[in-house]
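Novice: The following block contains a protein sequence and its predicted model.
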Amino acid sequence: AESAFPGLERLRSKMVTTTSTEVETAAYKGQQQMPEDQTQKNRNRLLGFLACTVWIGTWLVMPLATTSFIWMQFGFLWACAWWITAGMLAPAVPPSPAVRDFFRKMLYWVESSKIIGSSMKNTSGKPTLYCHHPHGIVCISAVVHGSPPGVKALVAPAVFLVPFCRQLMELMGSVPADKESMQKALKTRNDFAIVPGGVAEVALTSPNAERAYIMNRKGFIKYAMQFGYDLQPCYHFGETQQYSVMWPLDEPFFLKLRIWVANRTQLAICALFGDWAMPLIPRRSTNCLTVVGDRIHVPPCENPTDEQVNLLHQTYVERLQRLYNGHRHLLPEYRHKDLELW
């Protein structure tokens, strides 16, 4: 990733602890002060805009736009036939590293070019699950800084039923996170990336509060124990600042309703706007920061008990809170925000 994006600065330390915070703060501020050629900056900004447009368009526009057009022109049955054919029956598309590299250029639009904390490079000899928080509306930071090159993502199974979204995920090399597919993938002992909060965390996204949907997410913990995976939490500051959520969807009643719908349908009800000139595109210069936490060494256990899963889950949640609290001072928008655990 560093060779692909010359502006990307990776700063790593052995441990993400309170004692390293002052060093990381100085290094982070140093990155912000580095000069950049204006012509190159404009070129990168254009690439970032194009990548964001294609990414957002694939998720929020193309499936509904094409299906609505076919429905209006040819009727409901033809629209259903199109959805089933393109979303479920079409041949699989082989992964493309070039597509992944293209979408990583979204960092130039939101200025997500800073990574601090522990190394993502796996030198432990054990496979790793890179766990990303929060999901945000369209998961831009996790795509940009999601994992080392070649690591595939485990994504919601419903995505593979939607035209264009399915093909996009296949091009990115993603794997459905249903039980059968996930177990098959983890048996390969390859590293994977996952966003534990999933669709429910999309519903929780708001620039006014920082929320992680994690308290009932224990499946990835159990699988890590069963298949011998270590866990590495990553927190993406700025991800929730890319869009505003329209009133009253962020009020307590509607928030709980949206969570209920998301957990039962894998659909997130959203009414949002990003950039003032192009509401579906995330805000420019959000100034995101990715912090990589310490590796959590997981003892392998083929048949873990509920007590063992709960204990490891508690450890993971504590590490996630420590990661957030230890670095929120780096961005002014987060200094007054506590991490809400759902």
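Specialist: Received it, and whenever you're ready, just let me know what you need. Numbers count the residues shown, from 1 in each chain.

Novice: drop to CA atoms for contacts and neighbour counts, all remaining ones
Specialist: Noted.

Novice: Extract the C-alpha trace of whatever helix or strand residue 220 lives in and format it as CSV.
Specialist: Under the criterion of DSSP states H and E, residue 220 resides in helix 219-227. This file holds the C-alpha atoms of helix 219-227, laid out as CSV (Å, rounded to 0.1, in the frame of the first residue of the first chain):
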residue,chain,number,x,y,z
GLY,A,219,-19.7,-15.1,16.7
PHE,A,220,-16.3,-13.9,15.4
ILE,A,221,-14.8,-14.4,18.9
LYS,A,222,-16.0,-18.0,18.9
TYR,A,223,-14.7,-18.7,15.4
ALA,A,224,-11.3,-17.2,16.3
MET,A,225,-11.0,-19.7,19.1
GLN,A,226,-12.2,-22.6,17.1
PHE,A,227,-10.0,-22.0,14.1
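
Novice: Pull out the buried positions in that helix.
Specialist: For helix 219-227, the neighbour count (16 or more other CA atoms under 10 Å) marks 220, 221, 222, 223, 224, 225, 226, 227 as buried.

Novice: Just the mean pLDDT for the very next helix or strand once past it, thanks.
Specialist: Once the chain leaves helix 219-227, the next helix or strand it forms, by DSSP H and E, is strand 230-237. On average, the pLDDT along strand 230-237 is 93.

Novice: Need the contact partners of the helix holding residue 220.
Specialist: 129, 183, 186-187, 189, 196, 229-231, 298-304, 309, 312-313 (CA atoms under 8 Å, 6 or more residues apart in numbering).

Novice: That one versus strand 230-237: what angle between them?
Specialist: Counting by axes from the mean of the first three to the mean of the last three CA atoms, to 10 degrees, helix 219-227 lies at 150 degrees to strand 230-237.

Novice: pretty sure residue 135 is in contact with residue 206, am I right?
Specialist: No - in this structure residue 135 lies outside contact range of residue 206 using CA atoms under 8 Å: 11.1 Å.

Novice: out of the two, which sits in the more crowded spot?
Specialist: The neighbour count for residue 135 versus residue 206, taken as other CA atoms under 10 Å, is higher for residue 135 (29 against 23).

Novice: Tell me how far the more buried one lies from residue 94.
Specialist: Distance from residue 135 to residue 94, counting by CA to CA, to the nearest Å: 25 Å.

Novice: Now for residue 135 and residue 206: what residues contact both?
Specialist: Joint contacts of residue 135 and residue 206 (CA under 8 Å, 6+ apart) do not exist.

Novice: which residues of this protein fall in strands?
Specialist: 9-10, 114-117, 128-133, 152-155, 175-176, 192-194, 210-212, 230-237, 244-245, 272-273, 289-292, 339-341 (DSSP state E).

Novice: Switch the ones you listed over to a markdown table; also include distance to residue 322.
Specialist: Output for the strands of the chain, formatted as a markdown table (distance: least, CA to CA, whole Å):
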| stretch | distance to residue 322 |
| --- | --- |
| strand 9-10 | 21 |
| strand 114-117 | 12 |
| strand 128-133 | 13 |
| strand 152-155 | 25 |
| strand 175-176 | 30 |
| strand 192-194 | 20 |
| strand 210-212 | 13 |
| strand 230-237 | 11 |
| strand 244-245 | 27 |
| strand 272-273 | 30 |
| strand 289-292 | 11 |
| strand 339-341 | 10 |
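
Novice: what would these look like in a markdown table with distance to residue 166 and mean neighbour count?
Specialist: Formatted as a markdown table, those follow (distance: least, CA to CA, whole Å; neighbours: other CA atoms under 10 Å):
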| stretch | distance to residue 166 | mean neighbour count |
| --- | --- | --- |
| strand 9-10 | 31 | 16 |
| strand 114-117 | 29 | 22 |
| strand 128-133 | 21 | 27 |
| strand 152-155 | 11 | 22 |
| strand 175-176 | 10 | 20 |
| strand 192-194 | 17 | 23 |
| strand 210-212 | 26 | 23 |
| strand 230-237 | 25 | 24 |
| strand 244-245 | 26 | 20 |
| strand 272-273 | 23 | 16 |
| strand 289-292 | 27 | 26 |
| strand 339-341 | 30 | 14 |
